[in-house]
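> fold the following.
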Amino acid sequence: MHLYLSKHSPLDSAFATDDGQVMFKVDTEPIKAGTRTSYISCAISNDIPRRAVIGEDIVDTRERFGSLGQIEFNTVASSVIRFQGAQVETKEYFRKDSWGPYGR
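Now for the predicted structure:
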């Protein structure tokens, strides 16, 4: 499966399949005090009814998304990944082995 971005930046984009069905969305807040958070959402399965009655209105629910996780990008401290109730610092998965700004 190929996914295509709706915008140039993966930090603020929708990820769609060949036929245009959006599978994931990423929304990122502007930087505040050296921290920036990206919210990742995924499309809700088609097994769930597409129409819902809310009050007296019938709402089409084809394009529904649920929260998948978050990434908190920190300038000084280790960034944080939140997924399925767990919180992990990126330094546990990624290690910088040299003196350059990005390691090797």
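> ok, the residue nearest to residue 5 when sequence neighbours are not counted to residue 36 distance?
In space, and not counting its chain neighbours, residue 5 is closest to residue 13: 4.4 Å by C-beta to C-beta, 6 or more residues apart in numbering. For glycine as for every other residue, the C-beta is placed from the backbone atoms N, C-alpha and C. Distance of residue 13 to residue 36, computed by C-beta to C-beta, to the nearest Å: 15 Å.
> now residue 88
18 Å.
> the two: which is more packed in?
residue 36 (17 against 13; other C-beta atoms under 10 Å).
> any idea what that one is bridged to?
residue 73 (DSSP bridges).
> quick check: it touching residue 28?
Yes. Contact criterion C-beta atoms under 8 Å: residue 36 and residue 28 qualify, at 6.2 Å.
> what residue, apart from its backbone neighbours, is nearest residue 43 spatially?
Excluding the flanking residues, the one nearest residue 43 by C-beta to C-beta, 6+ apart is residue 23, at 5.4 Å.
> how about the contacts made by residue 5?
Contact analysis of residue 5 by C-beta atoms under 8 Å, 6 or more residues apart in numbering lists 13, 14, 15.
> let's see 10 Å
Neighbouring residues of residue 5 by C-beta atoms under 10 Å, 6 or more residues apart in numbering: 12, 13, 14, 15, 16, 24, 26.
> all good on my end, thank you.
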